[in-house]
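Visitor: Following is a predicted model, sequence given first.
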Amino acid sequence: MSQHSGSDQPLCPKCHQLVRSEDRFCRYCGYKLTKPTATSLRSGRPTKRLPRWPFVLVGLALGVVAAFVIGNQSQKVATTGSFKKSSLSQSHQHSSPPVSQSSPSPSPSSSPSPSPSPSPSPSPSPSPSQNPSPSPSAQPSSQAQNFVSVQNVYHGTTLGLSLPTVLDTVELSSPGAWQWGNKKGQVSMDVVAHKPSSISDALGPSTFGTPIIPEGKRVSQTIYVKWPGQGWVEVSMQVPQKHEAWLSTIAQSIHIG
């Protein structure tokens, strides 16, 4: 810059720009000038700075030493832990024999206890004959818990029931008539105008049905539920005889609206 003249004019210690001797603040960076340096960049005597590489080498050396020390300490800790574990395992092994020796002592006391057991052994013999009878009835109850809800809308009203998952296959679907099932059984729902007068057994509020009828390996039943203003909802069911409990589950799940 042209305004910087004179080899002995002072410099700003911060930005190294030429300043006047009477200036208290640098005109370029605003640094407060307490004792301006009287060395100019043009005087050919630039300020010497210490090289940084010695400090870098010292830092690297310290890092290597620290890593080495930490590695040795961790290795010592690991060996100490393994030594402690081995010593503990050995101590347990030495302490285990007394336990094994004390266990045979109660064996004589337990030997007399089996002697009275043969006397009640004849009494449980009839009990196994009674256990098989409830077991078949438990199987249908567990299978009857797998049901799915089926709903159909007819004349703006929802008609629904619950079906066993094995029978949840649509065989027929038309306005006011639906049928589900397969070779294992069938369930149908129809909207009818009248209920047969012969069916008078009340099964619930506005609900009537036939007795359960055996048909070979199957059982069947028909349910009628009153639908005010529309007639009746007829549900016919035919299921395997071993799953007779499905009939009551389906009948209780019938709902209108």
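Guide: Yep, it's here.

Visitor: now residue 181, nearest residue through space, not along the chain?
Guide: residue 167 (4.9 Å; Cβ to Cβ, 6 or more residues apart in numbering). (C-beta placed from N, C-alpha, C; glycine too.)

Visitor: Contacts only, for residue 229.
Guide: Going by Cβ atoms under 8 Å, 6 or more residues apart in numbering, residue 229 touches no other residue.

Visitor: at 10 Å instead, please
Guide: 155, 157 (Cβ atoms under 10 Å, 6 or more residues apart in numbering).

Visitor: how far away is it from residue 34?
Guide: 105 Å (Cβ to Cβ, to the nearest Å).

Visitor: now do residue 191
Guide: In terms of Cβ to Cβ, residue 191 sits 106 Å off from residue 34.

Visitor: just residue 207 next, same as before
Guide: Distance from residue 207 to residue 34, by Cβ to Cβ: 106 Å.

Visitor: Between the two, point out the one with more neighbours.
Guide: Neighbours were counted for residue 207 and for residue 34 using other Cβ atoms under 10 Å; residue 207 has more, 16 against 7.

Visitor: my read: the more buried one touches residue 234, true?
Guide: No: using Cβ atoms under 10 Å as the test, residue 207 is too far from residue 234 to be in contact (11.5 Å).

Visitor: hey, what's in contact with both of those two?
Guide: 223-225.

Visitor: Among those residues, which one sits closest to residue 256?
Guide: residue 225 (6.4 Å; Cβ to Cβ).

Visitor: could you list every residue that touches that closest one?
Guide: Going by Cβ under 10 Å, 6+ apart, the list of residues near residue 225 reads 159, 161, 189, 195, 203-209, 232-235, 251, 254-256.

Visitor: Work out for me the element it sits within.
Guide: In the assignment (DSSP states H and E), residue 225 maps to strand 218-227.

Visitor: No more questions from me, cheers.
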